[in-house]
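Colleague: no sequence on this one, just coordinates:
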């Protein structure tokens with residue numbers, strides 16, 4: 001990996017203020033405190049859901065549809081029920097509560113009963129005393145289908161027969177901003193297609209359901225939104241929420257929603273039916289078929305600019321393929337439409353956005369949803385304008401970048417720091433990597449590697465740029481709130497907060513906050529379950545902002561409880577006392593004691609909430625203050641392309657990011673590296689292919705993830721620490737924005753190397769073969 005990433009505990013960056021270049025303190029914010037579970041994860045002893053066990057355990061298997069669209073004529077479970085070792089078989093007829101569920105729209109059935117709407121949809125579930133028996137019993141269920149023609153082209157979904165009682169159109173957003181008659185001297189157009197990226201978690205979905213004596217059930221899963229998942233499951237079980245408890249197990253990474261309710265609900269039904277613990281560990285094929293993917297997107301753009309390259313008007317049509325069910329498509333569409341023009345000043349914008357149902361695999365929340373797709377399109381348009389004017393692509397972007405105080409096409413004023421020009425300057429001015437030398441060792445640096453068929457003389461280098469933006473927290477009126485409790489006893493602090501750490505580092509951040517506020521070294525974060533107050537989903541950097549803010553407020557309340565007796569004793573206010581390295585001192589040196597002595601065996605605790613300022617839905621013209629905050633990124637990509645074979649090697653990604661404040665340098669470096677690598681996958685290899693709705697090769701042979709050999713050098717050239725005053729600690733979301741920006745940067749670099757338009761992601765080899773005389 002890159003030198004910039006492996007050099008921890010600090011990130012070597014250029015011209016970055018703050019704590020990054022300093023000797024780290026022992027603990028607290030701004031230091032590279034390691035994860036508490038890092039050793040266990042490294043040694044393989046950290047328990048994930050697939051590792052769980054219970055006495056009297058049964059195993060589950062789910063029967064899934066082999067068709068993308070079909071009418072179910074009959075379901076015969078008699079052969080499965082008669083098999084030795086089979087304890088229960090459940091179908092749609094056995095769901096005692098709500099037959100459908102959904103995080104935003106309850107349109108997805110627990111089990112298909114009349115219609116199958118996508119390949120891999122659940123039909124029935126089996127519990128047996130051995131996993132092989134469960135799988136054989138599921139295969140023995142006889143389903144008679146009347147196969148129907150699938151609707152797989154989202155453009156045809158508008159006129160097609162309704163695939164769902166709610167119709168095929170999930171949402172339409174028309175955005176109107178400025179003068180529709182405005183025109184520019186330079187006009188460029190483009191049609192772009194973005195593929196179906198899968199979250200592809202290395203640890204596949206798994207879960208355990210355990211019946212309770214009160215008739216309820218406990219679910220042990222790697223949920224990223226435990227209270228919502230609990231409520232959805234309880235509704236389907238026909239139980240009040242207090243009789244369903246969801247316990248979050250170790251999360252083996254999440255770049256989208258983990259453990260779709262479609263895995264959890266059948267587990268709970270089987271546990272309730274059998275009265276025994278039931279476990280399900282999904283195969284890789286089931287994982288690909290069962291969970292949501294990034295929305296495949298079709299985008300049409302027309303940009304108008306003046307003779308100097310300054311944008312005048314942007315016109316766009318954006319069509320999101322939601323697959324069979326709505327899931328988070330409405331939210332994804334809002335982000336796509338709102339950010340359709342990118343982090344640029346655009347006086348006039350007219351955008352039409354639609355999300356439609358098809359018989360393709362379901363789409364949903366994947367890191368950077370909506371924003372990533374439009375970034376690839378509007379940055380391609382910027383390259384076209386630069387080429388038409390004969391202007392350097394970075395210079396053209398610099399002429400148009402937005403800053404604090406500018407207005408988004410939604411009419412919302414950018415009130416947060418928006419250092420876009422500073423970010424772009426940083427990556428533009430960073431030295432370019434050297435060209436590979438013609439040596440045997442240099443063959444490893446050729447596109448395709450030393451065993452490839454390419455010739456060094458056919459390799460061309462390209463440099464490309466991209467600017468991206470994402471919103472933080474929920475949008476359009478979502479009530480963002482989190483609750484946390486901090487408890488201190490015997491010199492040990494415990495944080496209780498239902499914020500799930502998906503790999504974003506929240507558990508470590510919570511420890512750092514308490515260390516900073518209370519001066520206590522030993523801080524533990526309690527395991528998450530739904531007996532705790534809700535903290536909301538792990539997405540859009542919300543736990544850093546909202547849950548971190550709740551932890552800080554609770555810790556400050558405990559700090560006041562700790563210091564008030566001392567302040568009263570010495571006749572001063574608590575503001576004149578400070579806690580550093582476990583010691584309490586007064587401003588004048590009269591008071592000096594340790595936190596442990598001040599506690600005097602007492603237990604102190606406090607509970608607090610954090611809720612950011614409200615937002616509002618976009619109106620019928622796509623206008624409204626829909627977002628709490630924004631984050632920005634600039635990336636310069638350097639690629640080598642074999643222009644005869646179309647093979648692409650990403651040489652280097654130079655990243656400058658708007659982070660607000662660096663809270664943990666090592667974790668931040670890891671998150672940026674992971675985001676860039678995920679974006680490189682979206683640019684070059686990752687696409688869950690389908691043929692008339694059937695998923696082709698749902699495994700890691702057919703779905704190509706980037707490996708360590710594909711990962712480029714990642715140079716973090718600048719982290720802008722301009723704090724957002726309305727955010728706790730001033731920090732911004734860090735994981736999604738490099739995912740959003742890096743695919744567009746890679747595509748821009750391939751255009752520069754080949755002279756080809758590159759209007760589809762991932763980039764196919766035939767699109768990277770240079771035009772003659774390029």
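Modeller: That came through, no problem. These numbers were taken from a predicted model, which means no experiment stands behind them.
Colleague: Return the distance of the most centrally placed residue in the chain relative to residue 664.
Modeller: What sits nearest the mean C-alpha location of the chain, by CA atoms, centre = their mean, is residue 367, with 2.4 Å. Residue 367 sits at a distance of 19 Å from residue 664 (criterion: CB to CB, to the nearest Å). For the C-beta atoms, the positions are set from N, CA and C on the backbone; glycine is no exception.
Colleague: Can you read off the pLDDT for the residue nearest to the centre of the chain?
Modeller: On pLDDT, residue 367 comes in at 89.
Colleague: where's it relative to residue 506, distance?
Modeller: 15 Å.
Colleague: now residue 366
Modeller: Using CB to CB, residue 366 is found at 19 Å from residue 506.
Colleague: Give me the more crowded residue out of the two.
Modeller: residue 366 (27 against 24; other CB atoms under 10 Å).
Colleague: That one contacts residue 293, correct?
Modeller: Yes: contact criterion CB atoms under 8 Å: residue 366 and residue 293 qualify, at 6.7 Å.
Colleague: C-terminal to the longest helix anywhere in the chain, what's the next element?
Modeller: Criterion DSSP state H: the longest helix present in the chain is helix 548-570. Past helix 548-570, further along toward the C-terminus, the next helix or strand under DSSP states H and E is strand 577-580.
Colleague: For whichever helix or strand comes after that following strand, which strands pair with it and how are they oriented?
Modeller: Once the chain leaves strand 577-580, the next helix or strand it forms, by DSSP H and E, is strand 583-586. Strand pairing for strand 583-586, using DSSP bridges, gives strand 577-580 (antiparallel), strand 592-594 (antiparallel).
Colleague: what about the helices in the stretch 651-774 of the chain?
Modeller: Applying DSSP state H, counting those that start in this stretch to the stretch 651-774 of the chain gives helices spanning 665-684, 736-754.
Colleague: Mean neighbour count, the ones you listed: which tops it?
Modeller: Highest mean neighbour count of those: helix 736-754, a mean of 30 (counted as mean count of other CB atoms under 10 Å).
Colleague: Report all helices and strands that that helix contacts.
Modeller: helix 371-389, strand 459-475, strand 627-642, strand 647-658, helix 665-684 (3 or more CB pairs under 8 Å, 6 or more residues apart in numbering; DSSP states H and E).
Colleague: Turn the ones you listed into JSON lines, including mean pLDDT.
Modeller: Output for these, formatted as JSON lines (pLDDT from 0 to 100):
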{"stretch": "helix 371-389", "mean pLDDT": "98"}
{"stretch": "strand 459-475", "mean pLDDT": "94"}
{"stretch": "strand 627-642", "mean pLDDT": "95"}
{"stretch": "strand 647-658", "mean pLDDT": "96"}
{"stretch": "helix 665-684", "mean pLDDT": "94"}
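Colleague: need those in TSV with distance to residue 282, can you?
Modeller: Output for those, formatted as TSV (distance: least, CB to CB, whole Å):
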stretch	distance to residue 282
helix 371-389	26
strand 459-475	28
strand 627-642	33
strand 647-658	31
helix 665-684	21
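Colleague: do you know which of these lies nearest residue 720?
Modeller: strand 647-658 (5.1 Å; CB to CB).
Colleague: Please list the strands that that closest one pairs with in its sheet, giving the direction of each pairing.
Modeller: Here, using DSSP bridges, strand 647-658 pairs with strand 627-642 (antiparallel), strand 713-720 (parallel).
Colleague: Check those for me and report the most buried one.
Modeller: strand 627-642 comes out most buried of the strands paired with strand 647-658 by mean count of other CB under 10 Å, with a mean of 28.
Colleague: by how many degrees do that one and strand 459-475 diverge?
Modeller: Orientation of strand 627-642 against strand 459-475 (axes from the mean of the first three to the mean of the last three CA atoms, to 10 degrees) gives an angle of 160 degrees.
Colleague: just for the protein, where's the confidence low?
Modeller: 1-26, 254-259, 437-444, 449-454, 771-774 (pLDDT under 70).
Colleague: surely residue 261 meets residue 229?
Modeller: Yes: Residue 261 lies in contact with residue 229 (CB under 8 Å); the separation is 5.7 Å.
Colleague: Which residues are in contact with residue 82?
Modeller: Residues counted as contacts of residue 82 (CB atoms under 8 Å, 6 or more residues apart in numbering): none.
Colleague: for residue 687, same thing?
Modeller: Contacts of residue 687 (CB under 8 Å, 6+ apart): 195, 196, 197, 703, 762.
Colleague: And for residue 402, the neighbour number?
Modeller: 22.
Colleague: And it, its phi and psi?
Modeller: The phi/psi pair for residue 402 (degrees, to the nearest 10) reads phi -90, psi 170.
Colleague: so how far is residue 178 from it?
Modeller: For residue 402 relative to residue 178 (CB to CB), the value is 15 Å.
Colleague: and stretch 404-414, how far from the chain's centre?
Modeller: 24 Å (CA atoms, centre = their mean, to the nearest Å).
Colleague: what sits up against that stretch?
Modeller: 175, 177, 314, 338, 340-341, 345-346, 349, 351, 402-403, 415-418, 618, 622-627, 630.
Colleague: Which ones among these map onto strands?
Modeller: Those of these mapping onto strands are 175, 177, 314, 349, 351, 627, 630, per DSSP state E.
Colleague: what's the spacing between the fourth one and residue 301?
Modeller: Residue 349 sits 11 Å away from residue 301, going by CB to CB.
Colleague: and if you look at residue 154?
Modeller: The value you get for residue 154 to residue 301, if CB to CB is used, is 17 Å.
Colleague: who are the neighbours in contact with residue 415?
Modeller: Applying CB under 8 Å, 6+ apart, the residues contacting residue 415 are 404, 405, 726.
Colleague: any chance of these in TSV, plus neighbour count and distance to residue 184?
Modeller: Compiled in TSV, the contacts of residue 415 are given as follows (neighbours: other CB atoms under 10 Å; distance: CB to CB, whole Å):
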residue	neighbour count	distance to residue 184
404	14	26
405	9	23
726	13	36
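Colleague: can those residues go into CSV with extra columns for distance to residue 558?
Modeller: Formatted as CSV, those follow (distance: CB to CB, whole Å):
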residue, distance to residue 558
404, 35
405, 39
726, 24
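Colleague: quick one: which of those residues is nearest residue 560?
Modeller: Once CB to CB is applied, the member of those that ends up nearest residue 560 is residue 726, at 23.0 Å.
Colleague: ok, the closest one touching residue 613?
Modeller: Yes: using CB under 8 Å, residue 726 is in contact with residue 613, at 6.7 Å.
Colleague: anything in contact with each of those two?
Modeller: Joint contacts of residue 726 and residue 613 (CB under 8 Å, 6+ apart) are residue 628.
Colleague: returning to that earlier point: distance from the longest helix of the chain to the middle of the chain?
Modeller: 35 Å.
Colleague: just to revisit the earlier point, just the ones in strands among the contacts of stretch 404-414 now: which is nearest residue 246?
Modeller: Scanning the ones in strands among the contacts of stretch 404-414 for proximity to residue 246, where the rule is CB to CB, the winner is residue 627, at 29.2 Å.
Colleague: Lovely, talk soon.
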